[in-house]
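Enquirer: Predicted model follows, preceded by the sequence.
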Amino acid sequence: MKVRVLDHPYDQYQGILGRLMMVFAGVEEVVYDFLVKTSGVEPVIASAIFSGVRMAEAIGTIKKIHEARGVELSARLRQQFQRLLDINRTRNQLAHYGVRRDRLGRDDRPPILSSARMAHVPSKLKETEMKPETVHRLVGELEAIGVSLWVHLHPEKFGQEL
């Protein structure tokens, strides 16, 4: 089997975007587990209730459960959830709008994440620089938040409550 080397800037960019999607999916699983634990519902019932819940909805439900119980989320969890919501928006834009390929490796201009093909009026046009370094940073943030949430869910594995 012949393996193609990722030597074109577009190929390299696709590689890091794939990494972002994979890490995001893993963190989304941890947030789902956080939702199940927070809800107090047994896992099989939680699967029926929360089937199809995605990142933003899961975080919103976790916040509502805490509010209903009169329990405040820690500042750290609030910050992490807000950052996940921000990254979720960027990930959705990458998945649904894509990056303008004409800006990858052809000149010194950075790649642009653009809603140009979907914006029905000029005021809805959104364009943002999306350099490979930015995507790498998002992956790193997702990994760090995912580990932090996992540790928060499993303090018994570390011999202490967090």
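Expert: Looks like it arrived, so ask away.
Enquirer: Next, the contact list for residue 87, please.
Expert: Residue 87 makes contacts with 24, 138, 141, 142, as judged by Cβ atoms under 8 Å, 6 or more residues apart in numbering. Any C-beta I mention is one placed from the backbone N, CA and C, and that applies to glycine too.
Enquirer: and it, what helix or strand is that in?
Expert: helix 75-96 (DSSP states H and E).
Enquirer: how about that helix: buried residues?
Expert: Neighbour counts over helix 75-96 (16 or more other Cβ atoms under 10 Å) mark 77, 80, 81, 84, 87, 88, 90, 91, 93, 94 as buried.
Enquirer: For stretch 95-115, measure first residue to last.
Expert: Using Cα to Cα, to the nearest Å, one end of stretch 95-115 lies 11 Å from the other.
Enquirer: Residue 129 is in contact with residue 111, isn't it?
Expert: Yes: assessed by Cβ atoms under 8 Å, residue 129 is found in contact with residue 111 at 7.2 Å.
Enquirer: Compare neighbour counts for these two and give me the winner.
Expert: residue 111 (23 against 12; other Cβ atoms under 10 Å).
Enquirer: can you give me phi and psi for the more buried one?
Expert: phi -60, psi 150 (degrees, to the nearest 10).
Enquirer: Would you state the predicted confidence (pLDDT) at it?
Expert: Confidence at residue 111, expressed as pLDDT, is 79.
Enquirer: same question, residue 159
Expert: 66.
Enquirer: Repeat that for residue 127.
Expert: You'll see residue 127 listed with a pLDDT of 82.
Enquirer: returning to what we had before: tell me the one among the contacts of residue 87 nearest to residue 58.
Expert: Using Cβ to Cβ, residue 24 is the member of those that lies nearest residue 58, at 12.9 Å.
Enquirer: rewinding a little: biggest separation within the contacts of residue 87, which pair?
Expert: Distances among the contacts of residue 87 were taken as Cβ to Cβ; the most separated pair is 24 and 141, at 10.6 Å.
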